[in-house]
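S.K.: turn this into a model:
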Amino acid sequence: MTKGRLEAFSDGVLAIIITIMVLEMKVPHGDDLAALLPLWPTFLSYVLSFVYLAIYWNNHHHLMHTVTHISSGVMWGNMLLLFNLSLIPFVTGWMGENHFAQVPTAIYGVVLLGCALSWVVLQNAIIRVEGKDSALAKAVGRDRKGRISQVCYISAIPLAFVHPGIAGALFALVALIWIIPDTRIAKQLQKDA
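M.R.: Residues are numbered from 1 along each chain as shown. The predicted model follows:
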């Protein structure tokens, strides 16, 4: 398998995930702005999830720049990531339709944690193939952003049962941390060039 084929497949799956997610949004029955008000939780959950998917797509693109060999471990790590990302439309719709109720919000956090952990699995699979002195291994280092994100998700899941707004704020915080492009890989590739 070539890197290009893996990237193309991943891009296609992410495009389908985003399409499914937007199709979950229902058109309001009414022709005035007031008809949109009941949809705000669905729209808010959609925006948050769209941002997450955009972050994963962007970082996946950068991650693939470090890859020279595709192993079965890399392929399965990538499939695990895509599996977890494919759950986002379901939990987004569930959380939005139920106005950020406790259980859907907690399960949303479980899915985001699954995405984060599968990202680590994919990174580690690439580092195993590319080596401990590879650009990715050097760029990732101790991966503080990744660890902070995991702590936020792990905290948000039980906090959703205390107050879903707190969990939602933690999800938004992680998105804000990652929406600023992660330049570690690009900087490392420039150093190695």
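
S.K.: what's the neighbour count on the closest residue to I70 other than its chain neighbours?
M.R.: Closest residue to I70 apart from its sequence neighbours, by CB to CB, 6 or more residues apart in numbering: M1 at 4.7 Å. Every residue, glycine included, has its C-beta placed from N, CA and C. Per other CB atoms under 10 Å, the neighbour tally for M1 reads 12.

S.K.: hang on, M1 packs against M75?
M.R.: Yes: counting by CB atoms under 8 Å, M75 is a contact partner of M1 at 6.4 Å.

S.K.: looking at this protein, which helix or strand is least sure?
M.R.: helix 184-192 (a mean of 76; mean pLDDT, DSSP states H and E).

S.K.: longest helix in the protein, by number of residues?
M.R.: helix 102-130 (DSSP state H).

S.K.: which parts of it are buried?
M.R.: For helix 102-130, burial by neighbour count (16 or more other CB atoms under 10 Å) applies to 104-127, 129-130.

S.K.: cool, and stretch 175-193?
M.R.: Those would be A175, I177, W178, D182, R184, I185, Q188, L189, for stretch 175-193 by 16+ other CB under 10 Å.

S.K.: now do the same for the third one: its pLDDT.
M.R.: Predicted confidence (pLDDT) for W178: 93.

S.K.: same question, the fourth one
M.R.: Turning to D182, the model gives it a pLDDT of 69.

S.K.: what residues does stretch 24-34 touch?
M.R.: For stretch 24-34, the surrounding residues in contact (CB atoms under 8 Å, 6 or more residues apart in numbering) are A35, L36, P38, L39, T42, F43, Y46, P89, T92, G93.

S.K.: which two of those have the greatest separation?
M.R.: Maximum pairwise distance among the contacts of stretch 24-34 (CB to CB): 23.4 Å, between A35 and P89.

S.K.: which one's more surrounded, those two?
M.R.: Comparing A35 with P89 by neighbour count (other CB under 10 Å), the higher total belongs to P89, at 21 against 12.
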